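> 3D model of this:
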Amino acid sequence: MRKYTYSCFFAVAIAASPLAQGCTDIADADDVAQQSDPFRGKGDKLQNGKKFPNASGDSETFNPLGSTDLTNEFFQDLGSNGRRCVTCHDPADGWSIRPKSVKARFDATAGKDPIFRPNDGSNSPNADVATVGARRKAYSMLLTKAVIRIGMPIPANAEFELIEVDDPYGFASAKELSLFRRPLPAANLGCLNRIMWDGRETSPKGLLAGLANQANNATLGHAEGDPLSQATLESIVSLEINLANSQSHHDGAKELHAAEAHGGPEYLADEDCSELGFNIYDAWIDAPGGGVNVTRRAVARGQAIFNDVCGGFCHDVGNVGNNSRALFFDIGISEASRRTSDMPLYTFRNLQTDEIVATTDPGRALITGRWDHMNEFKTPGMRGLAARAPYFHDGSAATLDDVVDFYASPQFKGPPINLTAQERADLVAFLEAL
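Predicted coordinates:
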């Protein structure tokens with residue numbers, strides 16, 4: 001695990017990022033009703049080795065300190081609306097959130113769990129939340145895609161103007177666009193070089209300063225609180241930077257560190273950010289015989305496919321999967337052709353060329369104001385994927401199969417990645433094992 005030194009660089013700027021309370025699934029199903037205090041009776045530690053089930057097996061979090069301190073400010077109410085960092089960054093959901101967990105919270109609390117707040121949890125801040133039925137409608141995007149509404153204006157220096165808005169919720173305008181985005185995981189942060197989908201929390205003072213920006217602005221915006229003290233920021237960032245989360249058990253391949261493989265979060269905690277490509281399953285490529293080794297060979301083949309067609313340029317940071325060059329990409333996710341009826345659509349005009357673009361999310365362009373940054377987003381890390389569906393910034397891919405399908409489709413802004421049925425199955429097996 002990379003080591004960091006804290007100093008007086010924790011000067012905090014302003015922006016926004018999704019954070020808050022509610023670690024659903026950290027307990028058994030009969031504890032779901034205790035959403036107002038999800039850690040009651042659980043002690044003050046999340047021990048290494050605690051398994052959380054998902055559709056492909058189990059995920060785990062490894063902390064080099066031996067456990068994760070559940071009394072840290074990350075798990076405390078620091079705002080005014082009941083939210084905590086863990087509200088949208090749940091260890092049971094790969095330190096993000098899943099629709100399944102969000103729905104469980106809604107059902108257990110009639111839609112009054114702290115994640116359900118109209119400032120950014122509802123489809124519009126003006127939505128009716130007076131009754132259970134109204135709340136179910138108001139929070140439909142959060143319930144179905146586990147996305148948070150990010151309200152952002154067009155920057156004053158923009159090379160473009162907004163000429164048309166089609167918002168099914170009747171709120172968005174040039175003053176505040178409604179952008180629906182997935183909370184990125186609050187784990188595996190040591191190799192980050194851009195913070196948030198659009199990079200807005202990235203600090204020239206380095207990773208730790210950027211994470212401090214993120215924690216402070218999340219408290220100001222999502223938790224509707226006051227600025228955090230330097231000591232609180234340092235405590236939260238110290239916890240986050242030590243969290244290594246990944247799949248640890250695959251239903252077909254079984255334990256992901258077995259037979260000399262290097263899967264699982266403990267190996268991930270020691271990864272060197274300067275290395276490129278994935279090699280964690282090299283030992284399985286010639287696994288002999290049948291049984292579990294059939295799947296292990298598939299995972300190893302999928303790793304080779306990923307390195308060849310996916311990881312060479314975009315997801316290249318060794319065994320983590322973010323982008324080593326800190327680049328942003330437009331792969332076509334925000335294209336108007338992919339727009340579904342539950343998403344706003346924005347039409348922009350280039351002030352110099354009169355070019356027109358329609359998009360569900362301008363991405364990086366709302367930070368820089370640059371036309372050539374339209375629809376660009378950062379490359380997220382790849383570990384712990386199975387624990388945190390759905391995928392892409394807007395939650396538009398429900399499964400890993402859907403992700404692979406997108407890259408083979410005409411909507412992908414790049415050469416379609418055409419695979420045989422076996423290659424496709426191998427690639428999905430590898431992604432499930434991350």
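> just for the stretch 301-434 of the chain, where's the confidence low?
Counting by pLDDT under 70, the stretch 301-434 of the chain shows low-confidence ranges at 311-312.
> ok, 80 please
The stretch 301-434 of the chain contains residues with pLDDT under 80 at 310-313.
> where exactly do the strands run in it?
328-329, 345-350, 356-359, 377-378 (DSSP state E, counting those that start in this stretch).
> mean neighbour count, those strands: which tops it?
strand 377-378 (a mean of 24; mean count of other C-beta atoms under 10 Å). From N, CA and C alone the C-beta is placed, and that goes for glycine too.
> number of nearby residues for Phe412?
Residues contacting Phe412 under the criterion other C-beta atoms under 10 Å number 16.
> please report the distance of it from Asn217.
32 Å (C-beta to C-beta, to the nearest Å).
> what's the answer for Glu335, then?
29 Å.
> the more surrounded of those two?
Each of Glu335 and Asn217 has its neighbours counted (other C-beta under 10 Å); Asn217 has more, 22 against 17.
> next one: phi and psi at the more buried one?
Main-chain torsions, Asn217, degrees, to the nearest 10: phi -70, psi -30.
> what's the answer for the one 4 residues further on, then?
With angles defined as degrees, to the nearest 10, Gly221 shows backbone torsions of phi -90, psi -70.
> please enumerate the helices of the stretch 101-250 of the chain.
132-138, 140-145, 207-221, 230-241 (DSSP state H, counting those that start in this stretch).
> packing partners for the third one?
For helix 207-221, the contact count by 3 or more C-beta pairs under 8 Å, 6 or more residues apart in numbering; DSSP states H and E identifies helix 230-241 as packing neighbours.
> mind listing what's buried along the helix it packs on?
Across helix 230-241, burial judged by 16 or more other C-beta atoms under 10 Å covers Gln230, Thr232, Leu233, Glu234, Ser235, Ile236, Val237, Ser238, Leu239, Glu240, Ile241.
> output those residues as JSON lines; include the columns pLDDT.
Formatted as JSON lines, the buried residues of helix 230-241 follow (pLDDT from 0 to 100):
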{"residue": "Gln230", "pLDDT": "98"}
{"residue": "Thr232", "pLDDT": "98"}
{"residue": "Leu233", "pLDDT": "98"}
{"residue": "Glu234", "pLDDT": "98"}
{"residue": "Ser235", "pLDDT": "98"}
{"residue": "Ile236", "pLDDT": "98"}
{"residue": "Val237", "pLDDT": "98"}
{"residue": "Ser238", "pLDDT": "98"}
{"residue": "Leu239", "pLDDT": "98"}
{"residue": "Glu240", "pLDDT": "98"}
{"residue": "Ile241", "pLDDT": "97"}
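> can I get the residues you listed in a markdown table including distance to Phe62?
What follows is the buried residues of helix 230-241, written out as a markdown table (distance: C-beta to C-beta, whole Å):
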| residue | distance to Phe62 |
| --- | --- |
| Gln230 | 28 |
| Thr232 | 25 |
| Leu233 | 24 |
| Glu234 | 22 |
| Ser235 | 20 |
| Ile236 | 19 |
| Val237 | 18 |
| Ser238 | 16 |
| Leu239 | 13 |
| Glu240 | 14 |
| Ile241 | 13 |
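> picking up where we left off before, is it possible to export the helices of the stretch 101-250 of the chain to JSON lines including distance to Phe180?
What follows is the helices of the stretch 101-250 of the chain, written out as JSON lines (distance: least, C-beta to C-beta, whole Å):
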{"stretch": "helix 132-138", "distance to Phe180": "14"}
{"stretch": "helix 140-145", "distance to Phe180": "5"}
{"stretch": "helix 207-221", "distance to Phe180": "15"}
{"stretch": "helix 230-241", "distance to Phe180": "24"}
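> out of these, which is closest to Ser56?
helix 140-145 (19.6 Å; C-beta to C-beta).
> list the buried ones in that closest one?
Met141, Leu142, Leu143, Lys145.
> which of those lies closest to Lys45?
Leu142 (29.5 Å).
> wait, isn't Val357 in contact with Glu335?
No. Taking C-beta atoms under 8 Å as the definition, Val357 is not a contact partner of Glu335, at 9.3 Å.
> okay, buried residues for stretch 97-104 please.
Here stretch 97-104 shows Ile97, Arg98, Pro99, Ser101, Val102, Lys103, Ala104 as buried, counting by 16+ other C-beta under 10 Å.
> what of stretch 381-400?
For stretch 381-400, by 16+ other C-beta under 10 Å, it's 381-397, 399-400.
> is it fair to say Pro53 lies in a helix?
No. Assigned with DSSP: H, G, I helix; E, B strand; the rest coil, Pro53 falls outside any helix and is strand.
> that one: neighbour count?
Pro53 - counted by other C-beta under 10 Å - has 14 other residues nearby.
> if I look at the residue lying closest to Lys413 once chain neighbours are set aside, how far off is Ala358?
Counting by C-beta to C-beta, 6 or more residues apart in numbering, Lys413 lies nearest to Gly332, which is 4.1 Å off, once chain neighbours are set aside. Relative to Ala358, Gly332 is positioned 13 Å away (C-beta to C-beta).
> cool, and Asn188?
Counting by C-beta to C-beta - Asn188 and Ala358 are separated by 34 Å.
> Asn126 contacts Glu176, doesn't it?
No. When contacts are counted by C-beta under 8 Å, Asn126 is not listed as touching Glu176 (11.3 Å).
> that older thread, out of the strands of the stretch 301-434 of the chain, which gets nearest to Thr87?
strand 377-378 (22.7 Å).
> helices and strands around that closest one, which ones?
With contacts taken as 3+ C-beta pairs under 8 Å, 6+ apart, strand 377-378 sits against strand 328-329.
> residue contacts, Thr219?
Leu19, Leu78, Gly79, Gly225, Asp226, Pro227, Leu228 (C-beta atoms under 8 Å, 6 or more residues apart in numbering).
> just among these, which is most surrounded?
Counting by other C-beta under 10 Å, top hit in the contacts of Thr219: Leu19 with 27 neighbours.
> and the pLDDT at that residue?
On pLDDT, Leu19 comes in at 28.
> dump the residue contacts of Leu434.
Ser246, Gln247, Gly263, Gly321, Met382, Arg383, Gly384, Leu385, Ala386.
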